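Participant: Requesting a structural model of the entry that follows:
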Amino acid sequence: MEKYQITLTEEERRHLEDLVRKGKAAARRLTHARILLLADESDGRNGRSDEEVAETLHAGLRTIARVRKRFVTEGFEQAIEHRPQPSRPDKIKLSKEAERELVKLACTDPPDGRGAWTLELLADRLVRLRQVGKVSRETVRKALKKRHSTRSRKIVVCSP
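Facilitator: Prediction:
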């Protein structure tokens, strides 16, 4: 694995030391700041190896390598900031259309012989209407819950 050298300016070093000293930041941000401080090779400092940093901070070698790389390739701020997870469209179970259809369906009268819609009935009906290929009762429950309640009061799914 390629090793990126960390060379901090005095201003960057001061900023990181203040950040760590105060300790009023997200844990990930503080860990990244500590990684940069320990790996710093500026002004005759002998930066520690990744293994030494990992042992000192109880962090993974991959994390240390990633912070080093981000510092060199993307800059100071990006190295200490959290990079949000990319969106995962493959994890979306119901499209907006299917979700709207589910809510409309839940607002209709239940099938003959039933007193109310069950999650299984709603899931089966969505499949039969070809809104989705397959769907679990849990996905149906989560989709309805997302539109159904707040902390303080219940919001009726079926509004006139």
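Participant: Can you pull the poorly scored residue ranges out of this structure?
Facilitator: Within the chain, the stretches with pLDDT under 70 are 1-2, 92, 148-160.
Participant: I'd like the domain boundaries of it, if you could list them.
Facilitator: 10-80, 90-148 (automatic domain parsing).
Participant: Could you dump the ones you listed into TSV with distance to Tyr4 and mean neighbour count added?
Facilitator: C-beta coordinates here come from the backbone N, C-alpha and C atoms, glycine included. TSV is the format used below for these (distance: least, Cβ to Cβ, whole Å; neighbours: other Cβ atoms under 10 Å):
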stretch	distance to Tyr4	mean neighbour count
domain 10-80	4	16
domain 90-148	32	14
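Participant: if I pick Arg29, what's in contact with it?
Facilitator: Shown in contact with Arg29 (Cβ atoms under 8 Å, 6 or more residues apart in numbering): Leu19, Ile80, Glu81, His82.
Participant: List the residues that contact the first one.
Facilitator: Right, the one you point to is Leu19. Leu19 makes contacts with Ala25, Arg29, Leu30, Ala33, Ile80, as judged by Cβ under 8 Å, 6+ apart.
Participant: which ones among these are found in helices?
Facilitator: Among the contacts of Leu19, DSSP state H puts Arg29, Leu30, Ala33, Ile80 in helices.
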